[in-house]
Structure formats: C-alpha cells, structure tokens
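S.K.: below are the sequence and a predicted model for it; my questions follow.
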Amino acid sequence: MEKKLTGLSRRYAAALGKHLKQGPQASLSPALGLGRRAVGLGLETLDLARIHEQALATFELSNIKNGFTKLATVFFTAANIPIEETHRATRQGKADMSRIKESLDRRTEELAASQRRLQHGVARRKVMDAAAAKCGEDHKKSLEESLQLQKRLRQLTHRVMVAQEDERKSISRELQDEIAQTLLGINVRLLSLKQHARNSTNGFKEEIASTQRLVLKSAQSVRRVAREIGYQRESPDGASASP
C-alpha cells in the first residue's frame, strides 16, 4: 500500500508540474485520473491534500509567487472531484439506505398490523364458529325436547280420549240400567192398573198419576244422561270431539 501511495505522489507531482507549465489552458483530465486512482486506493480529501502539499514543496518558490497558486488549486480541485463524488455517492447511498430502511420499517409495521388483524379475525372466527356450534347444539336439543313434548301431548290426548270413551260407556250403561229399571217400574204399574181395572175403580186415578210420574222420571233421566254425554264429547278447547 505504501509503495502504491509513493507512486501516486510522484505521478501527482509530475502531472501538477506539467499543468502549471501549460497554464490555464491545460487539460484537467490528468487530475481527474489521479483522483480516481486515489479513490481506488481508498484515500480521502485530506490524504490528497498532503500529496498536493508535498508536490508544491518540490517546485521553486519563485514559480509559486508567479501566480501558479490558483492553477495548482484548480488542479487539486479537479483531482478531488472523484473523491467528492464518492462522498456524495456514499451520502446518497446512505440517504437511499435510510429511505429504504424507513420504507422497510413502515412495511414491517404494516405487515405486523395486518398479521395482528388476521390473528384477531381468526380468533373472532373461532369464537363465531364455537357460538354457531353451540347454537346448533342448543337448537338440536330444543328440537328433541319439542318432539318429546309433542309425543307426551299425543299420549296424554290419547289417554283423555280413552278416558272420555270409558266415561261415555259407563254413563251409557248407567242410562240403560236406569231406563230399564224405570220401564220395568212402568210395566209393573201398568200390570197393576190392569188388575185394578178388573177388580174395582178405587185408586185407579192414583195409579195412573204414579205411572205418569215414572214416565216423567224416565224422560228426565234420559235428558240428564244425554247432557252428560254431550259434555263429555266436547274437547278441552271447546270444540266437539269425534264420536
């Protein structure tokens, strides 16, 4: 590295001397080339300034006093351009990297926020699925309970109808028994009337009245039992049931 630096110093002094001799019309291409070499060696502006000072020290003092200072400054400025461009590129690169980093940070934050929203959505979906499943289970349970209640209601309705039918049969038997007894009583009374009519007329009217009372009692019994049967035939909601 030191050997390369020494070679660059010699070339710089030679190019600077040639530039000073040519005057203001001299080309700055050699200075730019030296600056690019300095960049290749990793030199900074201060390193190039030292090389420039060493080159000026090799020239005669009278040349410097003769106005070559400005030309030397122009040469140094041109040689330093590649270094400055490197600095600008570095600064630009840093700025670009900073912007890229900021963009990446924003993107990372957006992705993190999106991930949080996604996780929240997944958790909410799980809750909704669990609620839907529970609702489905509750609905199934309610349906089963409703079917059981309907079954019990049909059974109770059947029992009521059977009980009503049994009650109607019992009333019908009672009616038959009562009517049969009443008719038997009427028949006995008629036989008695027939016998009294043959023997005498005493008490004939009383026997007829008693027989009429038995007929009236029989009619009342029939109406009463008919009303009870009609009441038993009515359904719980007030509508008539089928016979």
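M.R.: Alright, I've got the coordinates.

S.K.: need the helix or strand of this protein with the lowest average pLDDT.
M.R.: helix 61-63 (a mean of 46; mean pLDDT, DSSP states H and E).

S.K.: what packs against the helix or strand just after it?
M.R.: Going down the chain from helix 61-63, the next helix or strand is helix 69-199, by DSSP states H and E. Taking 3 or more C-beta pairs under 8 Å, 6 or more residues apart in numbering; DSSP states H and E as the contact definition, the neighbouring helices and strands of helix 69-199 are helix 2-22, helix 29-40, helix 45-57, helix 204-232. C-beta: built from backbone N, CA, C; applies to glycine.

S.K.: just give me how far helix 69-199 sits from the chain centre.
M.R.: 14 Å (C-alpha atoms, centre = their mean, to the nearest Å).

S.K.: correct me, but N80 touches T45?
M.R.: Yes - A contact is recorded between N80 and T45 when judged using C-beta atoms under 8 Å, the distance being 5.6 Å.

S.K.: the more surrounded of those two?
M.R.: Just comparing N80 and T45: by other C-beta atoms under 10 Å the higher neighbour count belongs to N80, 22 against 14.

S.K.: returning to that earlier point: let's have the helices and strands packed on helix 69-199 in a markdown table, adding mean pLDDT and distance to S172.
M.R.: As requested, those are exported to a markdown table (pLDDT from 0 to 100; distance: least, C-beta to C-beta, whole Å):
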| stretch | mean pLDDT | distance to S172 |
| --- | --- | --- |
| helix 2-22 | 86 | 136 |
| helix 29-40 | 89 | 128 |
| helix 45-57 | 88 | 131 |
| helix 204-232 | 71 | 7 |
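
S.K.: do you know how far the residue positioned nearest the centre of the chain is from L111?
M.R.: Nearest to the centroid of the C-alpha atoms of the chain, with distances taken as C-alpha atoms, centre = their mean, sits R125, at 4.0 Å. Distance from R125 to L111, counting by C-beta to C-beta, to the nearest Å: 20 Å.

S.K.: on that earlier part again, looking at the helices and strands packed on helix 69-199, which is buried most?
M.R.: Of all the helices and strands packed on helix 69-199, helix 29-40 has the most neighbours on average by mean count of other C-beta atoms under 10 Å, namely a mean of 18.

S.K.: contacts for that helix?
M.R.: For helix 29-40, the external contacting residues (C-beta atoms under 8 Å, 6 or more residues apart in numbering) are 8, 11-12, 15, 18-19, 47-48, 51, 75-76, 78-83, 86.

S.K.: picking that back up, next, format the helices and strands packed on helix 69-199 as a markdown table and append distance to E165.
M.R.: Compiled in a markdown table, these are given as follows (distance: least, C-beta to C-beta, whole Å):
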| stretch | distance to E165 |
| --- | --- |
| helix 2-22 | 126 |
| helix 29-40 | 118 |
| helix 45-57 | 121 |
| helix 204-232 | 9 |
